[in-house]
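In: Next input, structure requested:
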Amino acid sequence: MADEHPQKWEGKASEELKGAKAEQIWPFLEDFFGLNKWFPTLTMCVPVEGVSGQPGCVRYCAGFKTTVNNGDEIVNWTKQKLLAIDTSEMSFSYSIVDGNVGFNSYVSRVKVVPRGEGCVIEWEYEVEPVEGWRLEDLDSFIGSGLQVMAQRMEEALLVSTI
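Out: Model prediction:
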């Protein structure tokens, strides 16, 4: 009899921002409907329901590229639901509730952690194995996305202090 609950993939990416305090970075991430400002190749992030930052709100994200495309010109999209948010801990969790990228039972937790004069953004996730992917592919997708996000957030802080 086949296992009805396949082993989930788990991963974690983190990115250190040496010149930005956690309190400066958190507002960028707390804006649940503003992910397209930071995540590379994401061209759209719009509200579907609820109020940004309130558990239960849903965003529609589209335009990002993944290895699933195999060079095809299709628009990847997901609907993501905010499950919980803790402003004092500067963390939130969300799940992908619909989409065309094959992420089933995807749940993620994002947290900003103070470190010295800067901070670290941590992005943990778990998901059922994704057809056509290896765990390393997903780690790379999330890790490189987080790296660009951190860089864009640092640049935004520099612009706002000029």
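In: Touching, residue 42 and residue 61? I think so.
Out: Yes: under the criterion of C-beta atoms under 8 Å, residue 42 is in contact with residue 61, at a separation of 5.8 Å. Placement of C-beta: from N, CA and C, glycine included.
In: Return every residue with contacts to both of these two.
Out: Common neighbours of residue 42 and residue 61, counting by C-beta atoms under 8 Å, 6 or more residues apart in numbering, are 35, 36.
In: ranges for the strands of the chain?
Out: Assigned strands in the chain, in chain order: 9-17, 44-49, 58-62, 77-86, 91-99, 107-115, 118-127 (criterion: DSSP state E).
In: Tabulate those strands (TSV), appending mean pLDDT and mean neighbour count.
Out: TSV is the format used below for these (pLDDT from 0 to 100; neighbours: other C-beta atoms under 10 Å):
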stretch	mean pLDDT	mean neighbour count
strand 9-17	97	16
strand 44-49	96	14
strand 58-62	96	19
strand 77-86	97	17
strand 91-99	97	18
strand 107-115	98	18
strand 118-127	97	20
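In: Is it possible to get JSON lines of these that adds distance to residue 157?
Out: What follows is the strands of the chain, written out as JSON lines (distance: least, C-beta to C-beta, whole Å):
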{"stretch": "strand 9-17", "distance to residue 157": "9"}
{"stretch": "strand 44-49", "distance to residue 157": "20"}
{"stretch": "strand 58-62", "distance to residue 157": "23"}
{"stretch": "strand 77-86", "distance to residue 157": "22"}
{"stretch": "strand 91-99", "distance to residue 157": "20"}
{"stretch": "strand 107-115", "distance to residue 157": "13"}
{"stretch": "strand 118-127", "distance to residue 157": "11"}
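In: Of these, which is nearest residue 154?
Out: Put simply, out of those the one that sits nearest residue 154 is strand 9-17, at 5.6 Å, with distance taken as C-beta to C-beta.
In: Walk me through which strands the closest one pairs with, and which way each runs.
Out: Strand 9-17 has the following strand partners under DSSP bridges: strand 118-127 (antiparallel).
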